[in-house]
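Asks: build me a structure from this.
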Amino acid sequence: MKRNLSLMTELYELTMANGFLENKKADDIAYFDLFFRRVPDKGGFAVFAGLSQIIEYLKNLSFNESDLEYLRENGFAESFIEYLKNFELKCDIWSVPEGTPIFPNEPVIKVRGPIIQAQLLETILLVSMNHQSLIATKANRLVRAAKGTEVAEFGTRRATSYDNAYYGSRAAYIGGCVGTSGVLQGKDFGIPIMNTMIHSWVQMFDSEYEAFCEYAKLYPDDCSFVIDTYDTLKSGVPNAIKAFDDILKPMGKRPISVRIDSGDITYLSKKVRKMLDEAGYPDCNIIASNSLDEYIINDMILQGAKVDCFVVGERLINSASSPLFSGVYKLCATEKNGEIIPKINLSENVSKITTPHSKMLYRLFDCDTGKAIADVLTLENEVIDESKPYTLFDPDFTWKRKEVENFVARKLLVPVFVKGECVYKEPSLDEIRDYCSEQIDNLWEEVKRFENPHTYYVDLSEDLWRVRKELIEEHKGVKR
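Replies: Take a look at the predicted model:
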């Protein structure tokens, strides 16, 4: 049965919405930015994901009698209950496309609409973006570490919840994984599903050889053995080769792979590759598993491991080394009689000062190399003139300046909902995955380093910087 997620929000979102209604502010127009503050694993960039689930939620956003009765029991005013009963989305929403490389403090989703609605959307926007962007980012780190060797996501049984497993597989595929072990994910999202033998199969037979033979008889077209149950080199590989010879070869079949799940996999993979090749099975792939992460994979590649596919479970599906994505949702402007009024959130923590106003996000690309130069936040109607040199400057240390020319400026925020109606044509998951790979290729290698990556420029236009500066001075009582 399809779940009703309309109440997938936090109580204070509802109390605020109710308060806006009671104070006759419900129809006041507000602008919100959704952005994040830190890249997981101290990386150079993140990968945006989760938009599809946001769209699905917003298309189906309505409150049924059960929802309304529950809120009534929890003390909400009847006027608010009536508002939710007749709820009709009226917001305008922009977003960067899924798969886009994103950077801290730039809006990746922008919402304009009645404050009562725009506030209610906060939780579902954040929970969808935070989780899937976290996993897509981790997956891409693994894929980049593998340097062309395939990486598969096998984390379904290791995830912290059904939803984390389900949507995590989708996000991992966007990030570059070639497939998943999750069957429902394969069915619903079209992700290639991948198979393996597990140790309990081997243990259930009187001998490892018998276990391999019986498996080969059952699955001759998808024959993959796990070879480290007892001893990889002394029994696993010899018994696998014998089963290949005795069962598959007479049938005219070839083995798919063997899997190593313990020990020094780099060393073992070299020995296993040599044994398989000498036995006439150079086409039998070697799969590596066992709590892998990007650093282990990177070292294995550098050390010449003979691995054809890295299988990653809990360290991917839970992003074990950095399990939080720091997305936030902040008011940046209001609107009165058609005039946009910028708003700012100041803080004792300077890094938490927000960027006011309704904005557009541009990415500048070098015409010669195709590489991304910088992202620029502008006032929403500003146009970056590509025919003239453009001056980038650090919004905090304004003397740090760089003039760029021979570039193209691409708007990253695209309309998704207009007055509550979805206008966005969603690409397929494979198209999102390909787009992600292409866009990451457009980043300089220095930005993609795992250790001390180069800080990518996210700058403000002169006009936007001036608005921000004036608001800070106004609220801090600085005389001009």
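
Asks: what's the spacing between the most centrally placed residue in the chain and Ile174?
Replies: With distances taken as C-alpha atoms, centre = their mean, the chain has Ser133 as the residue nearest its mean C-alpha position (2.2 Å). Shown here: Ser133 relative to Ile174, a distance of 9 Å by C-beta to C-beta, to the nearest Å. To be clear about C-beta, it is placed using only N, CA and C from the backbone, and glycine gets the same treatment.

Asks: need the residues touching each of these two.
Replies: Taking C-beta atoms under 8 Å, 6 or more residues apart in numbering as the contact rule, the neighbours common to Ser133 and Ile174 are 47, 49.

Asks: in contact with the residue nearest to Glu208 when sequence neighbours are not counted: list those residues for me.
Replies: By the measure of C-beta to C-beta, 6 or more residues apart in numbering, the closest residue to Glu208 outside its immediate chain neighbours is Asn239, 4.7 Å from it. Taking C-beta under 8 Å, 6+ apart as the criterion, Asn239 is in contact with 207-209, 212, 227.

Asks: can you show me the helices along the stretch 301-450 of the chain?
Replies: Under the criterion DSSP state H, counting those that start in this stretch, the stretch 301-450 of the chain carries helices at the ranges 314-317, 429-441.

Asks: which one of the ones you listed is the most hemmed in?
Replies: Per-stretch averages of neighbours, counted by mean count of other C-beta atoms under 10 Å, single out helix 314-317 among the helices of the stretch 301-450 of the chain, with a mean of 23.

Asks: surely Asp221 and Lys253 touch.
Replies: Yes - counting by C-beta atoms under 8 Å, a contact exists between Asp221 and Lys253, whose distance comes to 6.6 Å.

Asks: so those two - more neighbours on which side?
Replies: When Asp221 and Lys253 are compared on other C-beta atoms under 10 Å, the one with more neighbours turns out to be Lys253, at 16 against 9.

Asks: tell me where the stretch 301-450 of the chain has strands.
Replies: In the stretch 301-450 of the chain, strands defined by DSSP state E, counting those that start in this stretch lie at 309-312, 327-336, 339-342, 359-366, 372-379, 390-393, 401-404, 407-411, 414-418, 421-422, listed in chain order.

Asks: what are the pairing partners of the shortest one, and which direction each?
Replies: The one in question is strand 421-422. On the basis of DSSP bridges, the sheet neighbours of strand 421-422 come out as strand 414-418 (antiparallel).

Asks: so which bits of the strand it pairs with are buried?
Replies: Of the residues in strand 414-418, 416-417 count as buried by neighbour count, 16 or more other C-beta atoms under 10 Å.

Asks: and for it, what's in contact with it?
Replies: For strand 414-418, with C-beta under 8 Å, 6+ apart as the criterion, the contacting residues are 51, 55, 58, 89, 91-97, 422-424.

Asks: and the residue nearest to Ser79 when sequence neighbours are not counted, what does it touch?
Replies: Here the nearest residue to Ser79 in space, its sequence neighbours aside, is Leu21; by C-beta to C-beta, 6+ apart that works out to 6.3 Å. With C-beta under 8 Å, 6+ apart as the criterion, the residues that contact Leu21 are 77, 79-80, 83, 116.

Asks: give me the low-pLDDT residue ranges for this structure?
Replies: For the chain, the stretches flagged by pLDDT under 70 are 1-2, 478-480.

Asks: domain parsing for it?
Replies: Taking automatic domain parsing as the reference, the chain has its domains at 11-135+323-476, 140-317.

Asks: first vs last residue of the first one, how far apart are they?
Replies: Using C-alpha to C-alpha, to the nearest Å, one end of domain 11-135+323-476 lies 32 Å from the other.

Asks: cool, stretch 93-101 as well?
Replies: The first and last residues of stretch 93-101 sit 19 Å apart, counting by C-alpha to C-alpha.

Asks: kindly report the same for stretch 408-424.
Replies: By C-alpha to C-alpha, one end of stretch 408-424 lies 24 Å from the other end.

Asks: what are the buried residues along that stretch?
Replies: Under the neighbour-count criterion of 16+ other C-beta under 10 Å, stretch 408-424 has 409, 412-413, 416-417, 420, 422, 424 buried.

Asks: make CSV out of those residues and add distance to Pro40.
Replies: As requested, the buried residues of stretch 408-424 are exported to CSV (distance: C-beta to C-beta, whole Å):
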residue, distance to Pro40
Ala409, 28
Leu412, 20
Leu413, 23
Val416, 25
Phe417, 28
Gly420, 33
Cys422, 30
Tyr424, 27
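
Asks: assumed the residue nearest to Glu208 was part of a helix.
Replies: Yes - Asn239 forms part of a helix when assessed by DSSP: H, G, I helix; E, B strand; the rest coil.

Asks: make 4 the starting number, not 1.
Replies: Sure, I'll start counting at 4 from here, so that last one is Asn242.

Asks: on that earlier part again, what kind of secondary structure is the residue nearest to Ser82 in?
Replies: Leu24 - assigned by three-state DSSP - is helix.

Asks: any figure for the gap between it and Val450?
Replies: Spatial separation of Leu24 from Val450 under the definition C-beta to C-beta is 45 Å.

Asks: kindly report the same for Ile58.
Replies: Distance check for Ile58 against Val450: by C-beta to C-beta, it reads 29 Å.

Asks: between the contacts of Asn242, which sits nearest Leu8?
Replies: Closest approach between these and Leu8, by C-beta to C-beta: Ile230, at 44.2 Å.

Asks: tell me the contacts of the closest one?
Replies: Applying C-beta under 8 Å, 6+ apart, the residues near Ile230 are 239-240, 242-243, 261-263, 275.

Asks: of those residues, just the buried ones, ChimeraX syntax please.
Replies: The ChimeraX selection below is limited to those of these classed as buried (16+ other C-beta under 10 Å):
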select :239,240,242,243,261,262,263,275
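
Asks: tell me the one of the contacts of Ile230 nearest Gly185?
Replies: The nearest member of the contacts of Ile230 to Gly185, counting by C-beta to C-beta, is Arg262 at 17.6 Å.
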